[in-house]
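Enquirer: dropping the sequence and predicted coords here.
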Amino acid sequence: MSTLTIILIVVGALVLLVLFIGFTSPRMATMERSIVINASADKVFPYLNNLKTFVDTWSPWTEKDPNAAHEYNDIPSGEGAFYSWKGEPKKVGEGSMKIVKSIENQHVRTLLHFKGRGDAYAGWHVAESGDGVKVTWDFESDNGMNPIGRIFGRFMDKFLGPDYENGLNKLKKEIEG
């Protein structure tokens, strides 16, 4: 057997392996993190419902790329509030976030668009917990029939989880003072 034939067989086997792993991986990539904040829902909610406050106060990505450019629309908070960012490709990349649902003191849902990488949803849920509130930050992406996206979706918790934890800790520190 020639060297070229062996190389083609190995490459073909690797492609089949990637396709097999990809198509047997879950279509949906999900992840969430929570923290309890010693404050009332009405004190916490404005930090979740205003995208400029998010970026300026507790976004974990602001400290990753403090020179990223941000643009906002004329809606300061709630449904329809929108911002876009453009930063270092290996740090924060380029994309946008829009609040698509807002239920006062309970829930904020956002649509994320990552330039060149598709869309996802993220949100914050607020629930009473002892003397404070539990804030849960979630992420959900539909990788469809993209086998590579499905493989990367398996690692979403590892990729995104530490950033969510950092952001929630910053939020807690900001609110609790």
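Expert: Here it is on my side, so go on.
Enquirer: ranges for the strands of this protein?
Expert: For the chain, the strands defined by DSSP state E cover 28-37, 69-72, 82-86, 94-103, 107-114, 118-129, 132-142.
Enquirer: parallel or antiparallel, which strands does the first one pair with?
Expert: Okay, so that is strand 28-37. Note on strand 28-37: by DSSP bridges, its sheet partners are strand 132-142 (antiparallel).
Enquirer: from the centroid of this structure, which residue is nearest?
Expert: residue 139 (5.1 Å; CA atoms, centre = their mean).
Enquirer: check contacts around that residue.
Expert: Residue 139 makes contacts with 29-32, 120-122, 156, 160, 164, as judged by CB atoms under 8 Å, 6 or more residues apart in numbering. (Glycine included, C-beta is placed from N, CA and C.)
Enquirer: of the residues you listed, grab the buried ones for PyMOL.
Expert: In PyMOL syntax, the buried subset of the contacts of residue 139 is picked out as below (16 or more other CB atoms under 10 Å):
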select buried, resi 29+31+32+120+121+122+156+160+164
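Enquirer: what is the nearest of the contacts of residue 139 to residue 101?
Expert: Set against residue 101, the nearest of the contacts of residue 139 by CB to CB is residue 121 (9.7 Å).
Enquirer: let me know the pLDDT of that closest one.
Expert: With respect to pLDDT, residue 121 scores 97.
Enquirer: show me what counts as buried in stretch 78-87.
Expert: Applying 16+ other CB under 10 Å to stretch 78-87 flags 81-87 as buried.
Enquirer: ok, so of those, who is nearest residue 101?
Expert: Distances from residue 101 to the buried residues of stretch 78-87, taken by CB to CB, are shortest for residue 81, at 11.3 Å.
Enquirer: please report how far that closest one lies from residue 106.
Expert: Distance, residue 81 to residue 106, by CB to CB, to the nearest Å: 17 Å.
Enquirer: next: residue 79.
Expert: From residue 79 over to residue 106 the distance is 13 Å, taken as CB to CB.
Enquirer: same deal with residue 124?
Expert: Residue 124 is 9 Å from residue 106, where distance means CB to CB.
Enquirer: same thing with residue 145?
Expert: Distance from residue 145 to residue 106, by CB to CB: 34 Å.
Enquirer: more crowded one of these two?
Expert: Using other CB atoms under 10 Å as the criterion, residue 145 and residue 106 rank with residue 106 on top: 13 against 9.
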